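[1] Just a sequence and a predicted model for now, questions to come.
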Amino acid sequence: MATPKIQIDNSQLLERMKRYQDVTGKEVGASMRRGARLLAVNLAYSVPPYGKDIQARKLGEKAVQNDILRVMRPMEKINLPFKSDTKSFKETVQEFVIENKRLRKRLLKVIKDFDIIAVSAISKNVKGFRLLNFIGTPDADLHKKVRNNYGRVRRGWKGRDVVFQSGSLENYIKQKQALVGFTKAAWASCAISVKADIQDALSGIPTWVKRHAASVPHNVMDGSDMLAPRITLTNKLPWADKALRKTDHEKAIRISREKFFKSLGTEIRYALKTAAAA
C-alpha cells in the first residue's frame with residue numbers, strides 16, 4: 001500500500017526561490033517551512049470527515065455509528081447520538097413476533113433473564129432469526145474484517161450478530177467515535193514537525209483533530225537546505241492513501257503552492273523597494 005508523500009517542489013518554485021535568495025540575501029528554508037505547514041493544514045482539511053467544523057466531526061461520528069450497527073446490533077435499545085433505523089433484537093421481537101403470542105412471551109422472558117443460550121436456541125427455530133449469531137460483547141475483529149480499504153463497512157454486508165450486553169455495544173460505538181479525526185491528525189502532526197517559525201503550528205486545526213496529534217505516525221523530511229530544496233510530508237497511517245482523494249490532494253497542493261509562491265513574491269518586491277529607497 002502506497003504511503004502518501006507530498007512535496008513542495010517544482011521548477012517554477014525553484015526559480016522563484018533562487019531569486020528570493022539572490023534578492024533578499026535570506027535562506028529560503030524558513031519560507032518553505034511555512035509553506036509546508038500550510039500544505040499540511042490543507043491536507044488535514046482534505047481527508048474524511050471533510051471540513052473542520054463541528055458538522056464535519058458529527059458526520060464522521062454518524063458514519064462510525066451506522067457502520068458498526070450494520071455489523072452488530074444490540075439485544076436491547078441503546079442510547080445513540082444519531083437517529084438510526086436499526087432496531088434492537090428485543091424491539092424486533094416486540095414488533096414482528098405477533099401471531100405466536102406464546103413464542104413472543106417466551107423470547108421476551110429469556111431476554112429479560114439474560115439467558116443467551118436460551119435466546120439462541122429458540123431463535124434457531126424462528127423464521128427470520130435462524131441465521132442470527134448471539135454474542136456477549138462486540139466483536140472488534142469482525143468489525144475490522146468487514147471494512148474496506150477506506151475504513152468503511154463493505155457495501156452489501158448483512159450483519160447477523162446480536163450483542164447481548166447492549167451497553168458494551170454502546171460503549172464500543174463511543175470508543176470508535178472518539179477516533180474521528182485520526183487521519184486528519186497525521187497531517188496536523190506534520191504541521192507541527194515541520195517546525196515553521198509561526199506562533200501556532202496548529203492554527204486552523206479543530207480540537208477534535210488536535211487531540212490525536214501526539215499519537216499518529218507521520219514523518220517530515222526537511223531538505224530545504226539542499227541544492228534542489230524540498231520538504232516531504234508523510235502520513236504513515238496504513239489507509240492514508242485511500243483517505244486522500246486525488247482531486248483533494250491536487251487542490252491542497254495547488255492552494256499551498258500558490259500562497260507560497262505569492263509570499264515569496266511579496267518578500268522579493270519588499271526587498272527591492274527597500275533597496276531602491278536606501
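    Ah, there it is. Note that this is a predicted model, so its numbers are computed, not measured.
[2] which residues in the stretch 1-150 of the chain form strands?
    5-7, 72-74, 133-135 (DSSP state E, counting those that start in this stretch).
[3] Kindly report the domain assignment for the protein.
    Per automatic domain parsing, the domain ranges recorded for the chain read 5-49+181-277, 55-177.
[4] residue boundaries of the helices in this structure?
    Applying DSSP state H to the chain gives helices spanning 11-24, 29-45, 54-71, 89-96, 101-112, 116-123, 140-145, 166-177, 182-193, 207-210, 240-243, 246-277.
[5] Among these, which comes closest to K77?
    Closest to K77 of these is helix 89-96 (Cβ to Cβ; 6.1 Å). Backbone N, C-alpha and C define where each C-beta goes, glycine included.
[6] for the domains of the chain, which one ends up most surrounded?
    Scoring the domains of the chain by mean neighbour count under mean count of other Cβ atoms under 10 Å gives domain 5-49+181-277 as the most buried, with a mean of 18.
[7] related to what we said a few turns ago, including mean pLDDT, could the domains of the chain go into CSV?
    Listed next are those as CSV, based on pLDDT from 0 to 100:
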stretch, mean pLDDT
domain 5-49+181-277, 88
domain 55-177, 94
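[8] First residue to last residue on stretch 107-119, what's the distance there?
    Stretch 107-119 has an end-to-end distance of 6 Å (Cα to Cα, to the nearest Å).
[9] Could you list the residues in contact with it?
    75-76, 89-90, 93-94, 97, 122-123, 126, 134, 136, 164 (Cβ atoms under 8 Å, 6 or more residues apart in numbering).
[10] Out of these, which two are the most distant from each other?
    V97 and G136 (23.0 Å).
[11] Wait, A40 touches A196, no?
    No - judged on Cβ atoms under 8 Å, A40 makes no contact with A196 at a distance of 9.3 Å.
[12] re earlier: so which of the contacts of stretch 107-119 comes closest to M17?
    Out of these, the member with the shortest distance to M17 (by Cβ to Cβ) is G136, at 61.2 Å.
[13] contacting residues around that closest one?
    With Cβ under 8 Å, 6+ apart, G136 has these contacts: 116, 163-165, 168.
[14] will you turn those into TSV that also has distance to H218?
    Below are the contacts of G136 laid out as TSV (distance: Cβ to Cβ, whole Å):
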residue	distance to H218
I116	43
V163	35
F164	40
Q165	37
S168	33
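[15] Can you pick out the most distant pair from these?
    Going by Cβ to Cβ, the pair spanning those furthest: I116 and S168, at 12.9 Å.
[16] returning to what we had before: show me the one of the helices of the chain that comes nearest P217.
    Short answer: helix 182-193, nearest of the helices of the chain by Cβ to Cβ, at 6.8 Å.
[17] angle of the closest one against helix 246-277?
    Between the axes of helix 182-193 and helix 246-277, defined by axes from the mean of the first three to the mean of the last three Cα atoms, to 10 degrees, the angle is 20 degrees.
[18] Need the contact partners of helix 182-193.
    36-37, 40-41, 43-45, 47-48, 201-202, 205, 209-220, 233-237, 239-240, 243.
[19] Please write out the alpha-carbon positions of that helix in CSV.
    The C-alpha coordinates for helix 182-193 follow below in CSV (Å, rounded to 0.1, in the frame of the first residue of the first chain):
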residue,chain,number,x,y,z
PHE,A,182,-7.4,10.4,13.5
THR,A,183,-6.4,10.5,9.8
LYS,A,184,-6.5,14.3,9.8
ALA,A,185,-4.3,14.4,12.8
ALA,A,186,-1.4,12.7,11.0
TRP,A,187,-1.3,15.7,8.6
ALA,A,188,-1.7,18.1,11.6
SER,A,189,1.3,16.4,13.2
CYS,A,190,3.3,17.1,10.1
ALA,A,191,2.3,20.8,10.5
ILE,A,192,4.0,20.7,13.9
SER,A,193,7.1,18.6,13.0
